[in-house]
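>>> below are the sequence and a predicted model; questions follow.
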Amino acid sequence: MRNRSGIQGVASSPVIVGAVTVLVIIVAVFLAYNANNGLPFVSTYNLHARVPNANALVKGNEVRIGGARVGVVKSVVPVQTGNGQVAAELDLSLDKNVEPLPKNSTMIIRPKSPLGLKYLSIIPGDSKEGFAAGETIPVKAARPEPVDIDQFFDMFDEKTRKAIQRNLAGFGNGLAGRGPQLNNAFVALRMLAESSEPALSDLVAPSTGFGEFFEALEALSATVAPVAEQQASMFAALDRTFAAFARVSRPYIQETISKGPETLDSVTEDLPAINPFLHSSERFFAALKPGAKVLGETSPTIAAALRAGIPALNRSPVLNAQIPPTADALLAFQQSTGVFNGLDLLIDTNELLGPAIRFIAPAQTTCNYLSITFRNLANASSEDNGLGGWINAISFQPPEGPNNEGGQASAPANGGGTDPLNHLHSNPFPNTASPGQPNECEAGNERYELGKTRIGNTPRDDGTITASQSKKQKQRGEAGE
């Protein structure tokens, strides 16, 4: 009875009842105020997470997995990553049943409502390893943020809205009063759609590669993206060009277009007759192409020939006046007795001298030996003392040893003695680039090996440059040719 009376005494006291009520209300308010940050005295699974941009994510926002709330964002602070960029680091307070979160999990910031409220959505992975409490989810786990409705409407800025108004006004004015024409157009479009259905079926068939076409078009667009400014300049230039066309559109361009059908009809009628000419022109230009290519390479020579040919052409009338009497004289000479016998003898002489000339000619045409011979003869007789000329001579001491060139010899000098130069170097029949011989001018150009006897042709290729030719090449090089 005493206990019951004690309880009744506490319950009957207004002060105690009021104090208990106030305490309960304070506790309820405290719990309600901290509900977004987690209930007190409840164990949590705390992690850090880094995202490239928190984007309106604030303290107290929810963390969800599969749409269910599993924690809250305790704080959002900016941090600097190792590569010098800035990211946002989130402190997450998660329920213990989430622990451990797989390490290949991803996360994305999503909108909770159209008013801008956000939450962090975590997509758990399938890794057997998990994040320990206090670890940081790396920034690579963050996925790109989806476009929110407010970001979508942000593209309709003032300039865009005005442009839309002008477009609507322009299209409205353009379509106003054209109902019958539009109806006819829709009828024609239906017929076009029905007629084009087989062609479109073939177009979208896998064998046509229509999908690959758009992939290639995407690659092309990515390729030309770096030159977008140049393309913009091109369109600006096109605008100026079409503005210039607008000034002559009537009547000139209008008349050209109006006469186009008649021209096409005439071309259609005349093309069958022109086809043979076009085919012949095609063959002609195909045959002309190699010559045109060579013409580009030989154009400097042709230009020089034209410059030299102009004076010759100016003097050609005089030559033309002399040709008829010359031809008459040749005709009279041909009709003279004994001319044909003399020509036959001349032909026989040429046939006899032909092999010798062909063998001797390279000695001059390639090696220039005849010019060198006459030059040496002229130099030999050019020295004199006023009373007469003499031939230059050079004295030298022959090498010492058996069979040397200073005295009688029983065999070619082939070393011996104390002089290492006691070797005979002789080439009685040097190569002169004649038929059957190597293409070299050997006489006077032989390069002998010291300490070795050499009689006859040298094994090396002595080239085709002789003394006079070397001098001419040096003069040309000094003249800058």
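Cool, the structure landed. Numbers count the residues shown, from 1 in each chain.

>>> so what's P428 up against?
G456 (C-beta atoms under 8 Å, 6 or more residues apart in numbering). (Each C-beta comes from the backbone N, C-alpha and C, glycine too.)

>>> can you give me phi and psi for the residue lying closest to V204 once chain neighbours are set aside?
Leaving aside its sequence neighbours, V204 sits nearest to F210 (C-beta to C-beta, 6 or more residues apart in numbering; 5.6 Å). The phi/psi pair for F210 (degrees, to the nearest 10) reads phi -70, psi -40.

>>> could I get the average pLDDT for the helix or strand containing V24?
Per DSSP states H and E, V24 falls inside helix 14-33. The pLDDT scores in helix 14-33 average 68.

>>> quick check: next helix or strand after that helix?
Moving toward the C-terminus from helix 14-33, the next element (DSSP H and E) is strand 45-51.

>>> okay, now the sheet partners of that next one, with direction.
Strand 45-51 has the following sheet partners, assigned by DSSP bridges: strand 86-94 (antiparallel), strand 136-137 (parallel).

>>> ok, and for the first one, which residues are buried?
In terms of neighbour count (16 or more other C-beta atoms under 10 Å), strand 86-94 has its buried residues at 87-90, 92-94.

>>> break this protein down into its structural domains.
34-153, 338-382+412-481 (automatic domain parsing).

>>> and the first one, how far from the chain's centre?
The chain centre lies 47 Å from the centre of domain 34-153; the measure is C-alpha atoms, centre = their mean, to the nearest Å.

>>> what's the answer for stretch 273-291, then?
From the chain centre to the centre of stretch 273-291 is a distance of 34 Å (C-alpha atoms, centre = their mean).

>>> now do R375, the pLDDT please.
84.

>>> mind listing what E440 touches?
E440 sits in contact with 431, 433, 461-464, where contact means C-beta under 8 Å, 6+ apart.

>>> with S221 instead?
Contacts of S221 (C-beta under 8 Å, 6+ apart): none.

>>> quick one: secondary structure of it?
helix (DSSP: H, G, I helix; E, B strand; the rest coil).

>>> distance of it from A236?
20 Å (C-beta to C-beta, to the nearest Å).

>>> same deal with A243?
Taking C-beta to C-beta as the measure, A243 and A236 are separated by 11 Å.

>>> and what of L331?
In terms of C-beta to C-beta, L331 sits 77 Å off from A236.

>>> quick check: mean pLDDT of the strand or helix carrying V187?
Assigned by DSSP H and E, V187 belongs to helix 179-203. What helix 179-203 shows for mean pLDDT is 86.

>>> for R64, give the beta-bridge partners.
R64 has these beta-bridge partners by DSSP bridges: R69, S121.

>>> that one against P124, yeah?
No: the pair R64 / P124 is not scored as a contact, 11.6 Å apart, by C-beta atoms under 8 Å.

>>> tabulate the buried residues of strand 86-94 (a markdown table), appending distance to I253 and pLDDT.
Rendered in a markdown table, the data for the buried residues of strand 86-94 read as follows (distance: C-beta to C-beta, whole Å; pLDDT from 0 to 100):
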| residue | distance to I253 | pLDDT |
| --- | --- | --- |
| A87 | 60 | 84 |
| A88 | 61 | 86 |
| E89 | 66 | 87 |
| L90 | 66 | 88 |
| L92 | 70 | 88 |
| S93 | 75 | 87 |
| L94 | 73 | 88 |
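
>>> which among those gets closest to E262?
A87 (71.7 Å; C-beta to C-beta).

>>> how far does the top helix by length along the chain sit from its chain's centre?
Selection of the longest helix in the chain by residue count, based on DSSP state H, yields helix 260-334. Using C-alpha atoms, centre = their mean, the mean C-alpha position of helix 260-334 is found 40 Å from that of the whole chain.

>>> after it comes which helix or strand?
On the C-terminal side of helix 260-334, the closest following helix or strand by DSSP H and E is helix 339-365.

>>> go through that next one and flag the buried ones.
Buried residues in helix 339-365, counting neighbours by 16+ other C-beta under 10 Å, are found at 362-363.

>>> before we move on, the earlier item: state the distance from the residue nearest to V204 to G444.
For F210 relative to G444 (C-beta to C-beta), the value is 78 Å.

>>> same check, this time on L352
30 Å.

>>> residue ranges in the chain under the pLDDT threshold?
1-13, 15, 17, 27-42, 114-116, 145-151, 386-390, 392-394, 468-481 (pLDDT under 70).

>>> would you point out which residue is most central in it?
T223 (12.3 Å; C-alpha atoms, centre = their mean).

>>> what's the spacing between that residue and Q231?
Separation of T223 from Q231 (C-beta to C-beta): 12 Å.

>>> now swap in E255 and tell me
Counting by C-beta to C-beta, the gap from E255 to Q231 is 33 Å.

>>> and if you look at V79?
Counting by C-beta to C-beta, the gap from V79 to Q231 is 41 Å.

>>> do I26 as well
For I26, the distance to Q231 - C-beta to C-beta - is 70 Å.

>>> contact partners for I455?
Taking C-beta under 8 Å, 6+ apart as the test, what I455 contacts is 412, 424-427.

>>> no no, G444
With contact set as C-beta under 8 Å, 6+ apart, G444 has these partners: 372, 430, 466-467.

>>> make JSON lines out of the domains of the chain and add distance to R250.
Formatted as JSON lines, those follow (distance: least, C-beta to C-beta, whole Å):
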{"stretch": "domain 34-153", "distance to R250": "45"}
{"stretch": "domain 338-382+412-481", "distance to R250": "63"}
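
>>> any idea which element V76 lies in?
With DSSP H and E as the test, V76 turns up in strand 68-80.

>>> list the buried residues in that strand.
Under 16+ other C-beta under 10 Å, the buried positions of strand 68-80 are 70-74, 76.

>>> and it with strand 86-94, angle?
Counting by axes from the mean of the first three to the mean of the last three C-alpha atoms, to 10 degrees, strand 68-80 lies at 150 degrees to strand 86-94.

>>> mind saving the C-alpha coords of stretch 91-98 as CSV?
Taking Å, rounded to 0.1, in the frame of the first residue of the first chain, the C-alpha atoms of stretch 91-98 are listed here in CSV:
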residue,chain,number,x,y,z
ASP,A,91,32.4,11.8,-45.1
LEU,A,92,29.8,9.0,-45.1
SER,A,93,28.1,7.5,-42.1
LEU,A,94,26.6,4.2,-43.2
ASP,A,95,24.6,1.4,-41.5
LYS,A,96,26.6,-1.5,-40.1
ASN,A,97,24.8,-3.9,-42.4
VAL,A,98,26.5,-2.4,-45.4
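
>>> what about Q335, neighbour count?
For Q335, the neighbour count with other C-beta atoms under 10 Å is 8.

>>> so who does it touch?
The contact partners of Q335, by C-beta under 8 Å, 6+ apart, come to none.

>>> for L319, see how far away A312 is.
According to C-beta to C-beta, A312 stands 9 Å off from L319.

>>> for G436, same thing?
According to C-beta to C-beta, G436 stands 43 Å off from L319.

>>> swap in V187?
V187 is 82 Å from L319, where distance means C-beta to C-beta.

>>> quick one: buried ones out of the contacts of E440?
431, 433, 462, 464.

>>> in a markdown table, list those along with distance to T21.
Formatted as a markdown table, the buried ones among the contacts of E440 follow (distance: C-beta to C-beta, whole Å):
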| residue | distance to T21 |
| --- | --- |
| N431 | 133 |
| A433 | 131 |
| D462 | 128 |
| T464 | 126 |
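
>>> which of those sits closest to V294?
The closest of those to V294 turns out to be T464 (C-beta to C-beta; 27.3 Å).

>>> all good on my end, thank you.
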